[in-house]
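Enquirer: Fold the following for me, if possible:
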Amino acid sequence: MTRQLWAPWRLEYVAQAGDLPGCVFCAEAAGEPSEAESLVVRRGDAALAILNKYPYSSGHLLAAPVRHVGSLAELSDAE
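Expert: Numbering: from 1, shown residues only. Here you go, the predicted structure:
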């Protein structure tokens, strides 16, 4: 049985996550945060690589499609 990773620095995000408007990935894909606030490391036509603001471990990197879909099955091969 795996143990849940305790990451207390994530509490700030968890406490207010339900109050956030929209999707953080869509906001980053649209370039809404200022360049100084953006966590995007690399942006492509179909996907982007973004740092996790509240990482589980050092160097935690996320890959997200630019297009917002309801399930992974809806993504194209390029995404």
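
Enquirer: From here on, just use CA atoms for contacts and neighbour counts.
Expert: Noted.

Enquirer: and I50, what are its bridge partners?
Expert: Beta bridges link I50 to V40, L62, judged by DSSP bridges.

Enquirer: who's in contact with it?
Expert: By CA atoms under 8 Å, 6 or more residues apart in numbering, I50 lies in contact with 39-42, 61-64.

Enquirer: try A73
Expert: Residues near A73 by CA under 8 Å, 6+ apart: none.

Enquirer: quick one on the thing from earlier: any chance of a ChimeraX selection covering the buried ones in the contacts of I50?
Expert: A single ChimeraX command selects the buried members of the contacts of I50 (16 or more other CA atoms under 10 Å):
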select :39,40,61,63,64
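
Enquirer: could you dump the contacts of I50 to a markdown table with pLDDT and distance to E12?
Expert: Converted to a markdown table, those look like this (pLDDT from 0 to 100; distance: CA to CA, whole Å):
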| residue | pLDDT | distance to E12 |
| --- | --- | --- |
| L39 | 89 | 17 |
| V40 | 93 | 21 |
| V41 | 93 | 23 |
| R42 | 94 | 26 |
| L61 | 89 | 19 |
| L62 | 90 | 19 |
| A63 | 92 | 22 |
| A64 | 92 | 22 |
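
Enquirer: gap between V24 and A64?
Expert: From V24 over to A64 the distance is 11 Å, taken as CA to CA, to the nearest Å.

Enquirer: pLDDT score assigned to the most centrally placed residue in the chain?
Expert: By CA atoms, centre = their mean, the mean C-alpha position of the chain lies nearest to F25, the distance being 5.1 Å. Looking at F25, its pLDDT stands at 85.

Enquirer: How much space separates it from H60?
Expert: 15 Å.

Enquirer: what's the next secondary structure element after the helix or strand of the chain with the lowest mean pLDDT?
Expert: Lowest on mean pLDDT, DSSP states H and E among the helices and strands of the chain sits helix 11-16, with a mean of 72. Beyond helix 11-16 on the C-terminal side, the first helix or strand identified by DSSP states H and E is helix 24-29.

Enquirer: what's that following helix in contact with?
Expert: Taking CA under 8 Å, 6+ apart as the rule, helix 24-29 contacts 33, 38-40, 43, 48, 64, 66-68.
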